[in-house]
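Engineer: here is the input, now give the coordinates:
(one chain, ligands or ions: 1)
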Amino acid sequence: MQLLKDRIRKDGIIKQGNVLKVDSFLNHQMDIELFQEIGKEFKKRFAGEEINKILTIEASGIGIACVVAQEFGVPVLFAKKSKTKNISGEVYTSKVESFTHGRIYDIIVSKDFLGEGDKVLLIDDFLANGKALEGLAALVEESGAELVGAGVVIEKGFQIGGKLIRDRGIHLESLAIVDDMDWRSGKIVFRGEE
Ligand code: 5GP
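Structural biologist: Below is the predicted model:
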């Protein structure tokens with residue numbers, strides 16, 4: 001998605017340790033006009049698919065998931081990061097290792113809002129090592145719902161997540177794939193470019 005790639009080049013900040021900061025339009029301040037274009041692009045890429053629920057993970061996925069959900073006319077469900085150890089039987093749960101924070105946490109979703117008959121599209125802001133999407137996919141599987149696919153705004157193609165998700169046969173759509181980025185020069189190479 002050219003509009004997004006141009007914006008990443010213009011406003012993205014590359015940090016040491018393979019982290020791309022996009023706080024000015026995606027992860028802190030949010031550019032809703034851009035979000036709306038992102039929503040339309042996901043609608044196009046998953047056209048013809050039957051989807052009745054968007055599933056994301058708090059907090060940074062929620063904004064994007066909302067505009068995508070508006071395009072599809074379906075609700076958004078977000079997995080909560082749980083701090084409580086004793087989880088009751090009323091939730092589905094799975095573990096996620098955070099790329100940005102380097103710790104493992106539980107994610108939970110209430111059994112009231114996900115189950116057999118649901119056709120779910122996963123949405124997240126970034127794909128790095130694939131842990132967040134794998135955790136969400138595990139919740140969907142546990143619930144008996146159908147996983148239709150996964151959409152991410154930015155995939156870091158030099159990390160393993162994209163391969164892991166595609167190798168599992170999940171229909172993955174990434175709107176911008178960063179194949180290389182250098183924090184010293186600020187240079188970003190997107191897939192399909194030199
Ligand atoms: P994964 O689970 O695929 O390793 O990492 C994805 C999650 O980590 C995303 O939900 C995102 O919040 C965060 N993340 C991973 N890499 C980056 C990055 O380079 N920049 C930002 N802002 N977030 C990232």
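
Engineer: ok, residue 50 - contacts?
Structural biologist: 119, 148 (C-beta atoms under 8 Å, 6 or more residues apart in numbering). To be clear about C-beta, it is placed using only N, CA and C from the backbone, and glycine gets the same treatment.

Engineer: mind checking how far the residue nearest the centre of the chain is from residue 10?
Structural biologist: Nearest to the geometric centre of the chain sits residue 124, at 1.5 Å (C-alpha atoms, centre = their mean). With distances taken as C-beta to C-beta, to the nearest Å, residue 124 is found 22 Å from residue 10.

Engineer: how about residue 159?
Structural biologist: Computed as C-beta to C-beta, the residue 159 to residue 10 distance reads 23 Å.

Engineer: looking at these two, which one has more neighbours?
Structural biologist: Ranked by neighbour count (other C-beta atoms under 10 Å), residue 159 and residue 10 place residue 159 first, with 17 against 9.

Engineer: list the contacts for the closest residue to the more buried one other than its chain neighbours?
Structural biologist: Closest residue to residue 159 apart from its sequence neighbours, by C-beta to C-beta, 6 or more residues apart in numbering: residue 128 at 4.7 Å. For residue 128, the contact set (C-beta under 8 Å, 6+ apart) comprises 18, 99, 156, 159, 161.

Engineer: pipe the residues you listed into JSON lines and attach pLDDT per row.
Structural biologist: Listed next are the contacts of residue 128 as JSON lines, based on pLDDT from 0 to 100:
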{"residue": "18", "pLDDT": "93"}
{"residue": "99", "pLDDT": "82"}
{"residue": "156", "pLDDT": "98"}
{"residue": "159", "pLDDT": "97"}
{"residue": "161", "pLDDT": "98"}
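
Engineer: and these, which of them are in helices?
Structural biologist: Of those, the ones assigned to helices by DSSP state H are residue 161.
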